[in-house]
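J.: Turn this into a structure:
(one chain, ligands or ions: 1)
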Amino acid sequence: METASTKLFSLDKKTAVVTGGTGVLGHAFVNGLSQAGASVAILGRRIEVAEKLAREIRTKGGRAVAVQADVLNREQLLEAHKRIIQEFGSIDILVNAAGGNMAGAVIAPDKTFFDLSIVDFGKVVDLNLMGTVLPTQVFSADMANRKKGVIINIASMASFRPITRVVGYSAAKAAVDNFTQWLAVEMAKKFGEGIRVNAISPGFFLTEQNKALLTNVDGSLTARGNAAIQQTPFGRFGRPEELIGTLIWLCSDASAFVTGVNVPVDGGFNVYCGV
Ligand SMILES: NC(=O)c1ccc[n+]([C@@H]2O[C@H](COP(=O)([O-])OP(=O)(O)OC[C@H]3O[C@@H](n4cnc5c(N)ncnc54)[C@H](O)[C@@H]3O)[C@@H](O)[C@H]2O)c1
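T.: From the prediction side, this is the model:
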């Protein structure tokens with residue numbers, strides 16, 4: 001039965017694109033958007049993984065399509081855009097979830113800033129910042145024409161305060177937060193209040209891109225993994241499905257007057273001074 005509040009949070013008849021939809025958090029986003037009624041385009045480099053997820057959604061009665069693209073490749077993004085429009089007709093929601101840290105841009109405990117590989121620093125900034133800006137340019141142009149749409153960027157705890165050792169990732173995610181604010185104003189001023197741009201900052205969640213930093217090969221926590229948990233008042237890592245409520249709120253009319261914010265979903269990490 002539909003109540004006023006389910007209607008407010010409903011994504012029925014909406015189409016969402018999730019970049020990095022094949023990743024751990026991206027998978028949760030795809031499921032959450034589908035459960036709220038959206039048709040979902042799962043965009044990833046690994047088409048067979050995206051297709052498996054799309055089949056899973058369709059088996060549960062949802063609508064989903066898998067589309068292959070690298071978020072740093074404009075041609076592939078334009079091709080993906082064409083395919084999604086053919087399949088669903090329009091794009092209402094873009095979730096920029098492709099991203100992550102890279103081992104080469106992390107300062108090892110026995111090294112200093114002067115050992116940093118500038119090439120790897122550039123790669124992690126490219127993936128997280130350019131990998132957000134480029135898909136946004138490709139997928140939100142139709143939103144601007146229709147004066148309606150929602151863009152969600154995935155930022156990080158590193159957007160608020162730099163995290164030790166991960167210099168490139170911290171710089172990139174701070175820039176994603178800044179871009180979110182900038183674009184929120186740009187869209188509202190040029191195309192009206194129908195286009196909203198917000199970010200979600202997950203705390204610590206165990207996924208592919210941070211596994212090597214937070215866990216040992218036997219699955220036990222590294223010193224850094226333990227430090228992340230100790231700095232989280234809830235005393236644990238987040239569960240991917242715990243991001244869904246915030247995502248649906250920000251994608252739906254329930255947040256109609258909200259733009260330019262970056263919502264931490266972090267078990268209190270960001271407000272804990274450690275004392
Ligand atoms: N896991 C966490 O604790 C955490 C915390 C804060 C922010 N985030 C962010 O959440 C997002 C999702 O990451 P995750 O933790 O689920 O990691 P993940 O490694 O499981 O997923 C990342 C996804 O991005 C895809 N990807 C990487 N480079 C790509 C490219 N060039 N083109 C297209 N896709 C590409 C990967 O294939 C993967 O599917 C990232 O932006 C990450 O920085 C994660």
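J.: need the contact list for residue 107.
T.: By C-beta atoms under 8 Å, 6 or more residues apart in numbering, the residues touching residue 107 are 113, 115-116, 165, 167. All C-beta atoms are positioned from the backbone trio N, CA, C, and that covers glycine.
J.: How much space separates it from residue 101?
T.: In this structure, residue 107 and residue 101 are 12 Å apart, going by C-beta to C-beta, to the nearest Å.
J.: The residue of the chain found nearest the ligand: neighbour count?
T.: Residue of the chain nearest the ligand, by C-beta to the nearest ligand atom: residue 23 (2.0 Å). By other C-beta atoms under 10 Å, the residues close to residue 23 number 24.
J.: which parts of this protein sit against the ligand?
T.: By C-beta under 6 Å from any ligand atom, the residues of the chain that approach the ligand are 20, 22-26, 44-45, 70-72, 97-100, 127, 131, 154, 156, 202, 204-205, 207-210.
J.: what about the longest strand in this structure?
T.: Identified as the longest strand of the chain according to DSSP state E is strand 195-202.
J.: pLDDT value on the nearest residue to residue 71 once chain neighbours are set aside, please?
T.: Nearest non-adjacent residue to residue 71, counting by C-beta to C-beta, 6 or more residues apart in numbering: residue 131, 4.0 Å away. Model confidence at residue 131, given as pLDDT, is 98.
J.: In terms of helices and strands, where is residue 131?
T.: Residue 131 belongs to helix 131-146 when elements are defined using DSSP states H and E.
J.: buried stuff in stretch 116-133?
T.: Going by neighbour count (16 or more other C-beta atoms under 10 Å), the buried part of stretch 116-133 is 116, 120-121, 123-129, 131-133.
J.: Stretch 208-225 too?
T.: In stretch 208-225, counting by 16+ other C-beta under 10 Å, buried: 209-210, 213-214, 224-225.
J.: can you pull out the strands in the stretch 1-150 of the chain?
T.: 15-19, 39-44, 64-68, 93-96, 149-154 (DSSP state E, counting those that start in this stretch).
J.: I'd like the ones you listed written out as JSON lines, with mean pLDDT and mean neighbour count added.
T.: Shown next, in JSON lines, are the strands of the stretch 1-150 of the chain (pLDDT from 0 to 100; neighbours: other C-beta atoms under 10 Å):
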{"stretch": "strand 15-19", "mean pLDDT": "98", "mean neighbour count": "29"}
{"stretch": "strand 39-44", "mean pLDDT": "98", "mean neighbour count": "30"}
{"stretch": "strand 64-68", "mean pLDDT": "98", "mean neighbour count": "23"}
{"stretch": "strand 93-96", "mean pLDDT": "98", "mean neighbour count": "28"}
{"stretch": "strand 149-154", "mean pLDDT": "98", "mean neighbour count": "26"}
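J.: quick one, which of those strands is nearest to residue 257?
T.: Of all the strands of the stretch 1-150 of the chain, strand 149-154 sits nearest to residue 257, with 13.0 Å by C-beta to C-beta.
J.: Show residues contacting the closest one.
T.: With C-beta under 8 Å, 6+ apart as the test, strand 149-154 has contacts from 25, 91-97, 99, 132, 136, 140, 142-143, 176-177, 179-180, 183, 187, 194-202, 247, 250-251.
J.: Parallel or antiparallel, which strands does that strand pair with?
T.: In the sheet, strand 149-154 lines up against strand 93-96 (parallel), strand 195-202 (parallel) (DSSP bridges).
J.: how far off helix 131-146 does it point, in degrees?
T.: For strand 149-154 against helix 131-146, the angle by axes from the mean of the first three to the mean of the last three C-alpha atoms, to 10 degrees is 170 degrees.
J.: and the closest residue to residue 84 other than its chain neighbours, bridged to which residues?
T.: Distance criterion C-beta to C-beta, 6+ apart; nearest residue to residue 84, sequence neighbours excluded, is residue 41 at 4.5 Å. Beta bridges link residue 41 to residue 17, residue 65 when assigned by DSSP bridges.
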